[in-house]
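Asker: my questions are about this predicted structure, shown below with the sequence.
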There are 2 protein chains.
Amino acid sequence: MQDEDLANVMRALGHPVRLSILRILAEKQASACCCTDVTQCLPLAQSTVSQHIKVLLDAGLVEREARGTRNCYTLREDRLRDLGAATSGLFSGLVSEITSAPVRIAEPA
Amino acid sequence: MQDEDLANVMRALGHPVRLSILRILAEKQASACCCTDVTQCLPLAQSTVSQHIKVLLDAGLVEREARGTRNCYTLREDRLRDLGAATSGLFSGLVSEITSAPVRIAEPA
DNA sequence: TTCTTCTATCGCTGTTCAACGATGAACGAG
DNA sequence: CTCGTTCATCGTTGAACAGCGATAGAAGAA
């Protein structure tokens, strides 16, 4: 993942409401969560929530599936894994260059 | 790490120039990197670079050490580790709630 | 058909960000 | 002391963001 993309995703995650939305989607993953469902969990207007979801969509963290009159949103598990790998790679890369030691990857709790 | 703090740090990382600065600091860690050193690696004005460094300082990702007439910046290794743990916890938390049953992960405070 | 629900998008406002040049403070060298 | 260097900060500009209400389109219900 390039720095440019990584920065984009980080920025998408750089808002507490969007982190909340991700958690809400994760919780309700079974029950096909739509925009109004998310809105009811948050003290924000529907249009605002829709905007935040769009940011997550554009960042590729969330997927939309039209289901009748409503849109169901789901987390993109593959992208979350990629992102986890990219960030841990970033951090361990930075840290390993500090200690000037050969690359340490695994870190048991 | 709270969502609020996590979002703050993410936002600090949500700019490609700031990712570059972190990498530059990691590279030159041995040779006590100051603001002009960083500026020379980037196509930006000194004031702009200083601003970006300030963002990283405020996010706690970087440390300042006055050394005569210049300021040396170093990565905060402890915070990077914390952040790595927090993000991997976030992602694995989201993913695990998708794939499996409600495994509630307590926050390590 | 008409009505209702859901939702993305538009328009707007106020705030924050990104980038720059200029400036002044701090400090070492001379 | 005076000069040069370093750097944070100020002031400004234009762009992007965050939030809201209003609205229109799509689709199911009546």
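Answerer: Everything's here; your move.

Asker: how close does the spatially closest residue to A:Cys35 that is not a sequence neighbour sit to chain B?
Answerer: Ranked by CB to CB, 6 or more residues apart in numbering or on different chains and with sequence neighbours excluded, the top spatial neighbour of A:Cys35 is A:Ser50, at 5.7 Å. Where you see a C-beta, it was placed from the backbone N, CA and C, and this is true even at glycine. Distance of A:Ser50 to chain B, given as CB to the nearest CB, to the nearest Å: 19 Å.

Asker: next, A:Ser50: phi, psi?
Answerer: For A:Ser50, the backbone dihedrals (degrees, to the nearest 10) come out as phi -60, psi -40.

Asker: could you do A:Ala32 as well?
Answerer: Torsion angles, degrees, to the nearest 10, at A:Ala32: phi 50, psi 80.

Asker: can you pull the pLDDT of it?
Answerer: For A:Ala32, the pLDDT comes out at 76.

Asker: just checking, it touches A:Arg67?
Answerer: Yes: counting by CB atoms under 8 Å, A:Arg67 is a contact partner of A:Ala32 at 6.6 Å.

Asker: more neighbours, those two?
Answerer: Ranked by neighbour count (other CB atoms under 10 Å in any protein chain shown), A:Ala32 and A:Arg67 place A:Ala32 first, with 14 against 10.

Asker: distance check, that one against B:Cys34.
Answerer: Distance of A:Ala32 to B:Cys34, computed by CB to CB, to the nearest Å: 54 Å.

Asker: next: A:Thr36.
Answerer: Distance from A:Thr36 to B:Cys34, counting by CB to CB: 53 Å.

Asker: show me which of these two is the more surrounded one.
Answerer: B:Cys34 (18 against 12).

Asker: name the nearest residue to the more buried one, sequence neighbours excluded.
Answerer: B:Cys34's closest residue in space is B:Arg70 (CB to CB, 6+ apart), at 4.2 Å.
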